[in-house]
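Asker: everything below, folded, please.
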Amino acid sequence: MSDIVSAYSVDTGTTLCTEPCEEKSNEITAVPRLLERMDLEDKIVTADAMSCQKKIIDVINKKKGKFLIEVKSNQKNLLWGLEDRQRKARKMDCYKEEPILRHGRIESRICTTYDGRDVVVDQDKWGYSLTVIIIDTSTIVKKSGEENHERRVYITDIRASAKVCNDISRSHWMIESMHWSLDKNLEQDGTKRKYLNGARVLDIIQRACLNIMAVWRSRRRKKEIKKKGMLEY
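Answerer: Now for the predicted structure:
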């Protein structure tokens, strides 16, 4: 089965580029190849923790782009060092998002930023101009009252307010939503793709179908709103 990594534009809602993972490999080797084919100048690349690799960051820097990448236990020294040092470090900025009700859950987020020079352990490896972002999320299931708490840690070379960093990190979930739709509506994860070329062709067809479905839903929604006299063309 061949996995395919993709670059997704938050602004346009479209897939910009895809790259298959080689046999007996994973996205750590595929992502640099994907980025090398793209124009990243003055663009912000967001990625999950699998892409928290020095080689990937170097490609983004070489292409004159910016990055915001999640940090998890695949980079133990980096993560543990951040968590340990941030307890005593001075906060650069803090933003508390108003509670939002969505999908039957009330979500609250607090985004705090730190100067990487104060909290990054191996600065020779990761760089001296990083900003560290810590987002604490609390969710309450409206129906049951069950509470959940989660902490996410990111590194970025963007110098911005905590609110901007929070908005950028949240926008990354649009690609997660796209992958969820591919699996939920088109059963992508459950479809066997034995050969590389077949995997790429099938992936293109599935993404095209997903785009058509999105356009159809959008037009149907506009027609329903127009009937209610709420929208004028």
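Asker: quick one, what contacts the closest residue to Ile204 other than its chain neighbours?
Answerer: Beyond its immediate neighbours in the sequence, the residue positioned closest to Ile204 (C-beta to C-beta, 6 or more residues apart in numbering) is Thr18, lying 7.7 Å away. Backbone N, C-alpha and C define where each C-beta goes, glycine included. Contacts for Thr18 (C-beta atoms under 8 Å, 6 or more residues apart in numbering) come out as Ile4, Val5, Ser6, Ala7, Leu34, Arg200, Asp203, Ile204.
Asker: can you select the buried ones from these in ChimeraX?
Answerer: Applying 16 or more other C-beta atoms under 10 Å to the contacts of Thr18, the buried members can be selected in ChimeraX as follows:
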select :4,5,6,7,34,200,203
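Asker: between the contacts of Thr18, which is closest to Ile110?
Answerer: Nearest to Ile110 among the contacts of Thr18 is Ala7, at 29.6 Å by C-beta to C-beta.
Asker: measure how buried the nearest residue to Leu101 once chain neighbours are set aside is and give me the count.
Answerer: Setting aside the residues directly before and after it, Leu101 is nearest to Lys142 in space (C-beta to C-beta, 6+ apart), at 7.1 Å. As a burial measure, Lys142 scores 12 neighbours (other C-beta atoms under 10 Å).
Asker: pLDDT below threshold where in the protein?
Answerer: Applying pLDDT under 70 to the chain flags residues 1-2, 176-200, 211, 213-233.
Asker: in it, which residue is closest to the centre?
Answerer: Against the mean C-alpha coordinate of the chain, by C-alpha atoms, centre = their mean, the closest residue is His172 at 3.0 Å.
Asker: who's in contact with it?
Answerer: Thr46, Ala47, Asp48, Leu68.
Asker: format those residues as TSV; extra columns: secondary structure.
Answerer: As requested, the contacts of His172 are arranged in TSV below (DSSP: H, G, I helix; E, B strand; the rest coil):
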residue	secondary structure
Thr46	strand
Ala47	strand
Asp48	coil
Leu68	strand
